[in-house]
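Asker: Pasted the sequence and its predicted model underneath.
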Protein chains: 4
Amino acid sequence: MRTYRLLISCPDASGIVASVSHFIASHGGWILEANHHSDPISGRFYMRNEIKADSLPFELDTFREHFQALAEDLSLDWTMTDSGAPHKVALLASKQAHCLSDLLYRWRSGDLNMDIPCVISNHDDLRSYVEWHDIPYYHVPVDKNDKEAAYQQMTDLLEEHCVDTVVLARYMQIIPPALCQTFQNRLINIHHSFLPSFVGARPYHQAYTRGVKLVGATCHYVTEELDAGPIIEQDVIRVGHNHLPDEMVRLGKDVEKTVLARGLRYHLEDRVIVDEGKTIILE
Amino acid sequence: MRTYRLLISCPDASGIVASVSHFIASHGGWILEANHHSDPISGRFYMRNEIKADSLPFELDTFREHFQALAEDLSLDWTMTDSGAPHKVALLASKQAHCLSDLLYRWRSGDLNMDIPCVISNHDDLRSYVEWHDIPYYHVPVDKNDKEAAYQQMTDLLEEHCVDTVVLARYMQIIPPALCQTFQNRLINIHHSFLPSFVGARPYHQAYTRGVKLVGATCHYVTEELDAGPIIEQDVIRVGHNHLPDEMVRLGKDVEKTVLARGLRYHLEDRVIVDEGKTIILE
Amino acid sequence: MRTYRLLISCPDASGIVASVSHFIASHGGWILEANHHSDPISGRFYMRNEIKADSLPFELDTFREHFQALAEDLSLDWTMTDSGAPHKVALLASKQAHCLSDLLYRWRSGDLNMDIPCVISNHDDLRSYVEWHDIPYYHVPVDKNDKEAAYQQMTDLLEEHCVDTVVLARYMQIIPPALCQTFQNRLINIHHSFLPSFVGARPYHQAYTRGVKLVGATCHYVTEELDAGPIIEQDVIRVGHNHLPDEMVRLGKDVEKTVLARGLRYHLEDRVIVDEGKTIILE
Amino acid sequence: MRTYRLLISCPDASGIVASVSHFIASHGGWILEANHHSDPISGRFYMRNEIKADSLPFELDTFREHFQALAEDLSLDWTMTDSGAPHKVALLASKQAHCLSDLLYRWRSGDLNMDIPCVISNHDDLRSYVEWHDIPYYHVPVDKNDKEAAYQQMTDLLEEHCVDTVVLARYMQIIPPALCQTFQNRLINIHHSFLPSFVGARPYHQAYTRGVKLVGATCHYVTEELDAGPIIEQDVIRVGHNHLPDEMVRLGKDVEKTVLARGLRYHLEDRVIVDEGKTIILE
């Protein structure tokens, strides 16, 4: 079923829900799902309404025009999106395929509603698998001594394919600040630890050395500071003294792919608002 | 902070949120938390609003009077409660104290907002422990051949203490139909299995025999049919071939007390609506 | 690293570990991993030793010959397998690919050590995907009114491909008793509920109707009685009143594929002993 | 059932299990539970045998004498303990009682096998509750400007009561280095975060600020470096944007008390070996 998703963030005040829901109801809009959150510490209010598209007498653009006046009155930050125009998501991968394979399955089975205009990798290993899906595969090697050429090529590819969301499906390369800024809150990474534990390289080895009893994964928006962006989703799995780092890597893969898929779903369904370095997940 | 909790259940229709939130806003009501749910299968809509008590210009009774007209227009089933008038909860226990001890701790530490007018048990074992808390303890033995006397005594005690909610904290006795009816949706049990698995007696032994890899507990409202009432909360814990039934019993206790406390919290905070034998937990 | 796995089951008695470990040590065998379990209720003892293959001065056959005398003395049921001769696993699937895709990924990445001589399906939908992996795909339709032809064709295929283990990766068809017997403790199913809850068809719909707060999946050996075979692994995921049956299906898929992969790993690594309808997992 | 527990740690080599199990069997010892672990990175081997006490023809001291020669041959670090001589555990608490209440329940119900010679607190709040259990309660205030007096008094109390294990049940005070050394690997803390995340004060507030989606607790042996000792047990619970720090505190309490109880159980059952700053849990 085609839906519109109205996402709102604003200073908390009395009457916001009344005004917004009155506006929707007055045009005959049928709300399928509504989620609210007031944060008493920040004093902000967040709201998501998912509305049956064909219950409204006009298209998205007209809704936006009509809503603008109310939004200004209430000082709303807002977006309105259309489930019929899925996100265009570029997948970036390296050699390991557990996250990529999982996302491609969810895409081809219709489990995740997105378009995948291209896959970009710094290795050529996964070409045949990706191309079986009829998705263009670009091999963009990253020269350690001159990364700029690769960065430029990637930027061009993302622009050329009208990509709105980038997913680092265990891409294992640093993303340049310019791309972080262009894709602010639209560049999603899966980090193979339960952040803020074990920032940086080889987190499972760090976990082994520390002797933790659970290892995890974190899906987050990428910012210029390494592994410090807003966390979208996390989960953990139990390990013990009998798990060597390689076995933690193996166990961790299942958590990584599940956590990435859950986090990406929130993003694709327009359920995430980022505020003060944290996410509000409206579900 | 003192709050009012408005719980609504009604046939789904356009404009309900708009009307209700307009009513609240028009009286200056400050909504601290709002939760909605539409069920497309049953065609029902459910809503909970938690409102700052001192943001409204009148007391609960006046709110109720004013709201009545709107509620009739929209065919609402509704209740409005006051966090300043906590539920009066009778705890029923037998010999095992893990759930009882846990609930008493949560009560005396202020973690669960309730009054406990009395504890009733078919054994005298826990008297001293309960009385240390200055809570009246009633020993009501149940004669296997004549349960009516005990049932009558329990019914009298519950009435005398103005009890509105009964918690079976591993009480291990059948509750008579009359009490099930009187306390419909206010009589809470913790069953020591992941229902609907292992209904009835000795569920851990049943679990051992079947060789399951997880055992669990279920907090549910009691109905006349054994272990078949609406489920409020459930959880599980991992077991293996090395756990004998006694060890499953031990491990299960931790799940039982946690699940009961979580389920009871939903009830005490007026977050539970029962419809068609199932619960909607508005949180 | 190539290893031998010695699996033992016997009446419990003093001195078994001493005798067996003495035998291994006397031939220079290096034990990488050892797991024991005594069950005081059944009076049985279970043991698994994983031995470095090149620490022994002879091949598997010779080990078996030497060990036979000791095994008879101690009344051992035992098997000795070689990690260098991986299990030959046939995957049976229907139309849904979440389990199949996941297992194929784990196979091609080397995460699960097995050979896959063939995939058999009652539909032709997954042919292209499977054949991309260079694995033979057999479309064996099952005629509702005459299943025998299909059964015979499947039996022939399994024999022809020297299959030792069959995995029902959401195959959705009843397996005939003869195959259940032939592949006793080597025929693995993933059932989409937390057994023994919701045996049979449409378990997520049953779960929705009952209003449970967790749904799960069960990996088990198939016996002639539906969904009643020895359980190898189980897990659950949280659901709520807001999950319709279709959403439970979607959430459940992640549990199904993970639980099947974990259960299959135990089997492939020869960690499972079946006794009295239950599994002992030696890890 | 009274048991002896033989804990062994040594350089890994062929034949250790054979020698040790032969020794036990040769004296008629009945092994109830045996656990082994070889760590290929450290090259160490670890073993725990739980032996039925009355299956041996002599007492613990005689066993120790007989075993000494073998232990020297194999360079074993070893201990042998008697379940009939439970650990003597001092509980240290502050004002919050969730861990203390939980441990006292487990003690009085027989769920944890230990003696509790005394409870020590820097506040007097919990006196009445503890004394109801007939356990001596010592109020030892800690003067911020002169902690030495308190440290001395605590040291004296622990000595006087022949304490062998100290549990910091949310004690919230720094333990002096001398006590850390005296009670090396016998001084257990529960830290209210998933270490190594959020070391130090107010971890839930740190978790709130970072926006993590799970919070946890860590049971560990205390060393002189804050929150850096060997981890015995950990667990987590899900939180979201709707949980303020106070609600994380509340949710975290359930994890803290469960994790502390599980970690303490491992210690009381002599299942923990500490090596290179990490724990091996033999269960």
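Answerer: Here it is on my side, so go on.
Asker: What are the boundaries of the strands in chain A?
Answerer: According to DSSP state E, chain A carries its strands in the segments A:3-11, A:31-39, A:44-52, A:77-82, A:87-93, A:114-115, A:119-121, A:137-139, A:165-168, A:187-191, A:214-221, A:231-238, A:272-275, A:278-281.
Asker: right, so of those, which gets closest to residue D:49?
Answerer: strand A:231-238 (24.9 Å; C-beta to C-beta). Yep, even glycine has a C-beta here, placed from its N, CA and C like the rest.
Asker: near chain C at all, stretch A:125-145?
Answerer: Yes - for stretch A:125-145, a contact with chain C is found by C-beta under 8 Å from any C-beta of the partner chain, at A:128, A:129, A:132.
Asker: List the contacts of that stretch.
Answerer: A:93, A:95, A:97, A:100-101, A:104, A:107-108, A:116-124, A:149-150, A:153-154, A:157, A:161, A:173, C:128-129, C:132 (C-beta atoms under 8 Å, 6 or more residues apart in numbering or on different chains).
Asker: What residues of that stretch count as buried?
Answerer: A:126, A:129, A:130, A:135, A:137, A:138, A:140, A:142 (16 or more other C-beta atoms under 10 Å in any protein chain shown).
Asker: for it, how far is the first residue from the last?
Answerer: 22 Å (C-alpha to C-alpha, to the nearest Å).
Asker: tell me the mean pLDDT over it?
Answerer: Average pLDDT, stretch A:125-145: 97.
Asker: and what of stretch A:22-39?
Answerer: Mean predicted confidence for stretch A:22-39 is 94.
Asker: Okay, helices next: where are they in chain A?
Answerer: A:16-26, A:60-73, A:98-108, A:127-132, A:148-160, A:177-182, A:203-210, A:245-268 (DSSP state H).
Asker: So which elements touch the last one?
Answerer: For helix A:245-268, the contact count by 3 or more C-beta pairs under 8 Å, 6 or more residues apart in numbering or on different chains; DSSP states H and E identifies strand A:87-93, helix A:98-108, strand A:165-168, strand A:187-191, helix A:203-210, strand A:214-221, strand A:231-238, helix C:245-268 as packing neighbours.
Asker: For residue A:32, find the nearest of these.
Answerer: Taking these one by one with C-beta to C-beta, helix C:245-268 is closest: 13.1 Å.
Asker: Quick one: work out the angle between that closest one and strand A:231-238.
Answerer: Angle, helix C:245-268 to strand A:231-238, by axes from the mean of the first three to the mean of the last three C-alpha atoms, to 10 degrees: 40 degrees.
Asker: on that earlier part again, turn the helices and strands packed on helix A:245-268 into CSV, columns for mean neighbour count and mean pLDDT.
Answerer: Shown next, in CSV, are those (neighbours: other C-beta atoms under 10 Å in any protein chain shown; pLDDT from 0 to 100):
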stretch, mean neighbour count, mean pLDDT
strand A:87-93, 23, 98
helix A:98-108, 23, 98
strand A:165-168, 23, 98
strand A:187-191, 24, 98
helix A:203-210, 20, 95
strand A:214-221, 26, 98
strand A:231-238, 22, 98
helix C:245-268, 21, 97
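Asker: Could you dump those into JSON lines and include distance to residue D:269?
Answerer: Output for the helices and strands packed on helix A:245-268, formatted as JSON lines (distance: least, C-beta to C-beta, whole Å):
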{"stretch": "strand A:87-93", "distance to residue D:269": "46"}
{"stretch": "helix A:98-108", "distance to residue D:269": "38"}
{"stretch": "strand A:165-168", "distance to residue D:269": "44"}
{"stretch": "strand A:187-191", "distance to residue D:269": "36"}
{"stretch": "helix A:203-210", "distance to residue D:269": "24"}
{"stretch": "strand A:214-221", "distance to residue D:269": "21"}
{"stretch": "strand A:231-238", "distance to residue D:269": "19"}
{"stretch": "helix C:245-268", "distance to residue D:269": "26"}
